[in-house]
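>>> next come a sequence and a model predicted from it.
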Amino acid sequence: MNSDKLALPVGTTLDRFIMRKQEDFPYATGELSQLLRDIALATKIVNREINRSGLIDIAGAYGNRNVQGEDQQKLDVIANIRFIRALRNGGEVCTIISEEDDELIQTGNNQGKYVVAIDPLDGSSNIDVNVSIGTIFSVYRRVSPTGREGTVADCLQPGTHQVAAGYVIYGSSTMLVYTTGNGVNGFTYEPSLGEFFLSHPDITTPATGTIYSVNEGSSESFSSGVTAFLQHCKKEAFSGRYIGSLVADFHRNLLKGGIYLYPATAKNPKGKLRLMYECNPLAFIVEQAGGRSSNGQRRTMEIEPQAHHERCPVFIGSKDLVLQAEAALAAETNEA
Ligand code: P6P
């Protein structure tokens, strides 16, 4: 056998990829590269803790409720600490918005040029039943001068101002998928080496698909436009796939084609998902992969944030399907 076959290259590590991509930005000074490395480090630590959570009593509820009114899981708290600590120690981030914290988190790095919005562990109620969960993050360049704490204006920027966005899926394998505005790339974690390796270069999402992801349990309170769109999906014999873990549902649809929708419901009149650290980062990724994201009327990334935990309806995935959903909602408005 040809000896080359005996030792196939292990592939491009995340570090090497970040450095190569930095060369695409001649004026890059390396801070964003360092920030992405800091996030990857925290991801490795959180991955380890998720994988052993059933063994060292860190599964289950923490006993508090977060600003969302949701029961915090122990791993929510641990993941939040890990990401905040990694970003604080990395020095590039002045201020953080976290799903787990009511207020802005000032890192003390007043020279830091970046702000991060993060959902440290989304879908964490699924941990105890071994369903995939995820981390979702957005990176913005601060608009206020360095040398002081980040401001609300630094944090409430529209999604079009993102300089990077990504998610981690802790599933059958752990993957980091991110964009800096030049396409979407996926990296799979090899725990025995402690490295992420490029496994899904230049991800593009199919222009259409036959998967729809929605919580049908809320269908009684869906608008007539949403109901009409879902009836169309069923008439076309689409597959209903809903894991109840946003990152897992989004990742599957990104690769296979499909649409995830969390519209306004009676329980969540503005939708359930949060604009800054769930909808915007996934919108950046899906657009970079050729897809589309809106609140049903408006491009998600053009929504002007009013509060850092604000929610918004979301229709995200294959461009054709999101456009069809928007058309159904427009028809509803015209009927009104
Ligand atoms: P529902 C998890 O709490 C989450 O934010 C997303 O991960 C998930 O897609 C959604 O909520 C599930 O919400 O109302 O269908 O249980």
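Happy to help now that I have it.

>>> list the buried residues for the top helix by length along the chain?
Using DSSP state H to define each element, the chain has its longest helix at helix 31-51. Neighbour counts over helix 31-51 (16 or more other C-beta atoms under 10 Å) mark 31-47, 49-50 as buried. C-beta: built from backbone N, CA, C; applies to glycine.

>>> can you narrow those to ones near the ligand?
Among the buried residues of helix 31-51, no residue sits close to the ligand (C-beta under 6 Å from any ligand atom).

>>> hang on, the earlier thing: centre of the chain to the longest helix of the chain, how far?
The chain centroid and the centroid of helix 31-51 are separated by 14 Å under C-alpha atoms, centre = their mean, to the nearest Å.

>>> quick one: T135 from the ligand, how far?
Separation of T135 from the ligand (C-beta to the nearest ligand atom, to the nearest Å): 11 Å.

>>> same check on Q111?
34 Å.

>>> mind checking the SS state of that residue?
Following DSSP: H, G, I helix; E, B strand; the rest coil, Q111 is assigned to coil.

>>> not counting its neighbours along the chain, what's nearest it?
T146 (5.0 Å; C-beta to C-beta, 6 or more residues apart in numbering).

>>> from memory that neighbour sits against N109, does it?
No: with contact defined as C-beta atoms under 8 Å, T146 does not reach N109; the gap is 9.4 Å.

>>> which residues are common contacts for those two?
Taking C-beta atoms under 8 Å, 6 or more residues apart in numbering as the contact rule, T146 and N109 both touch C94.

>>> and the two? which has more neighbours close in?
Taking other C-beta atoms under 10 Å, T146 and N109 do not tie; N109 has more neighbours (20 against 12).

>>> compute the first-to-last residue distance for stretch 312-319.
19 Å (C-alpha to C-alpha, to the nearest Å).

>>> same deal with stretch 153-166?
End-to-end distance (C-alpha to C-alpha), stretch 153-166: 22 Å.

>>> in that stretch, what's buried?
Buried, per 16+ other C-beta under 10 Å, within stretch 153-166: D154, C155, L156, Q157, P158, G159, Q162, V163, A164, A165, G166.

>>> appreciated, that's everything.
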